[in-house]
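In: Starting from these lines, generate the structure:
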Amino acid sequence: MENFLLKNIENPDSADIEEYLKIGGYKNIAKAFELEPKAIIEEVKKAGLRGRGGAGFPTAMKWSFAAADPKFPKYLLCNADEGEPGTFKDRPILEKNPHLLIEGMVISGYALGAEYGYIYLRGEYPHAKDVLNKAISQAYEKNYLGDNILGKSIKFHLAVHQGAGAYICGEETALIESLEGKRGQPRTRPPFPVNVGAWAMPTVVNNVETLCNIPYIISIGSEAYSQIGSKDCPGPKLYCVSGCVEKPGVYELPMGTSLKDIIFNHAGGIKGGKKLKAVIPGGISTPVLPESMIDCPMDFSSMPKHGSMLGSGAVIVMDESVCMVKVTYRALKFFEHESCGKCTPCREGTEWLRKSLGRIERGEGREGDIELLQEISENIMGKTFCPLGDGAAGVVLGMLKHFKGEFEEKIKAKGSRV
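Out: Down below sits the predicted model:
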């Protein structure tokens, strides 16, 4: 499959609008403007595009809810708050192909009837902020943004809003709260953002990768797009691979490419010829899989059948030398730190899990600790405002399911490395 999302990024000047225009950039805006907004939403529906941020919600369904709401103005928000450990798939687009994102947002805004857009950018991506702001200025100069785009009386304005480094702001309602200048905490739903979002107006929040797929659908048509990758989850997918592999990086592959293929055929296999031990397939909040279970299609429908989730598609590879107790402890330190504190199960539960795991890691584990970890995690699951608590609990439950023996040995050995 020829790259579309990562096309031309090896060109050192790929972020410049002139280089983007040379490879056919912004042509799909004119093509989209020849269609009615409803027709674009129908094309996205036929294409089968599902959100690439982790939840996998059908994009056209979300759009149709917001488009049908009579309130104005409507807002289109790009979730570029890529804060989950192991996830860096959107970064090459933000830093090297920003005009693809802008083109995707203009087309999406037209389809939704949204005249204002914001890119909510991760606080730790200062270079991306500079690149995006320059690209937006160039797009305004070339009349791809503004009040009268391509002379069609179509309006769309775009700006970058940089967060302050809070992982919770990757959750769409916390993102909206932060954008409005409030503390970044999830809202109670319903009402949903598609009807009551930014400044109480209809709002669509889509991930960077999702929006970058829109020009591709317009370019090749929904029928051709739907033939790429998995039947239930079509299209290209960005998989970022890190950890104990020979060639870490971001790979654009058909959705549904097997996890085994990604690791051994694309990322070059395990570094130093060591043996594969475990893989976290979709970012730190997705349950771990042992080496024996990696021959599975990486898409939204298949991964739950194999005991995990696709998540963001961030593949974290661990070899035989990695201590799974330590990995779990480090993960829970992150979740405890990033919990917004709004709901009790997450606020108290993540701290309790971190303390219990820390005790085991320090060699102070005691009988009953494994049962305690299991009980705490099960009491967090499904009882929090947002998925952060579930993610933390899922890490622990997945590790106990597949690597319980390491926890038992660690407790028995009083902390000596296993």
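
In: which stretches of the chain form strands?
Out: Per DSSP state E, the chain carries strands over the ranges 75-80, 116-121, 157-162, 203-207, 236-243, 249-254, 276-280, 289-290, 314-319.

In: What strands line up against the shortest one, and which way round?
Out: When sheet partners are counted by DSSP bridges, strand 289-290 sits next to strand 276-280 (antiparallel).

In: how far off strand 314-319 does the strand it pairs with point, in degrees?
Out: Strand 276-280 and strand 314-319 are oriented at 160 degrees to each other (axes from the mean of the first three to the mean of the last three Cα atoms, to 10 degrees).

In: mind listing what's buried in strand 276-280?
Out: Buried residues in strand 276-280, counting neighbours by 16 or more other Cβ atoms under 10 Å, are found at 276-280. From N, CA and C alone the C-beta is placed, and that goes for glycine too.

In: which one of these is nearest residue 95?
Out: residue 280 (24.4 Å; Cβ to Cβ).

In: List the contacts of the closest one.
Out: Neighbouring residues of residue 280 by Cβ atoms under 8 Å, 6 or more residues apart in numbering: 86, 286-289, 314-316, 318.

In: In the stretch 1-150 of the chain, where is pLDDT below threshold?
Out: The model of the stretch 1-150 of the chain has no residue with pLDDT under 70.

In: For it, which segments count as helices?
Out: 17-22, 27-33, 37-47, 59-68, 91-96, 98-112, 126-141 (DSSP state H, counting those that start in this stretch).

In: Highest mean neighbour count out of the ones you listed?
Out: Ranked by mean neighbour count under mean count of other Cβ atoms under 10 Å, these are led by helix 98-112, which reaches a mean of 27.

In: Could I get the CA-only coordinates of it as CSV?
Out: This file holds the C-alpha atoms of helix 98-112, laid out as CSV (Å, rounded to 0.1, in the frame of the first residue of the first chain):
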residue,chain,number,x,y,z
PRO,A,98,0.6,19.7,8.7
HIS,A,99,-1.1,20.8,5.6
LEU,A,100,-2.8,17.3,5.3
LEU,A,101,-4.3,17.9,8.7
ILE,A,102,-5.5,21.4,7.7
GLU,A,103,-7.0,20.1,4.4
GLY,A,104,-8.8,17.4,6.3
MET,A,105,-10.2,19.9,8.8
VAL,A,106,-11.4,22.3,6.1
ILE,A,107,-13.3,19.5,4.3
SER,A,108,-14.6,18.1,7.6
GLY,A,109,-15.7,21.6,8.7
TYR,A,110,-17.6,22.1,5.5
ALA,A,111,-19.4,18.7,5.9
LEU,A,112,-20.4,19.6,9.5
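
In: tell me the angle of that helix relative to helix 126-141?
Out: Going by the same axes, to 10 degrees, helix 98-112 makes 60 degrees with helix 126-141.

In: Between strand 203-207 and helix 98-112, find me the angle.
Out: Going by the same axes, to 10 degrees, helix 98-112 makes 150 degrees with strand 203-207.

In: can you redo the strands of the chain as TSV with distance to residue 394?
Out: Output for the strands of the chain, formatted as TSV (distance: least, Cβ to Cβ, whole Å):
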stretch	distance to residue 394
strand 75-80	21
strand 116-121	25
strand 157-162	29
strand 203-207	20
strand 236-243	19
strand 249-254	24
strand 276-280	10
strand 289-290	12
strand 314-319	14
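
In: Kind regards, and thank you for your time.
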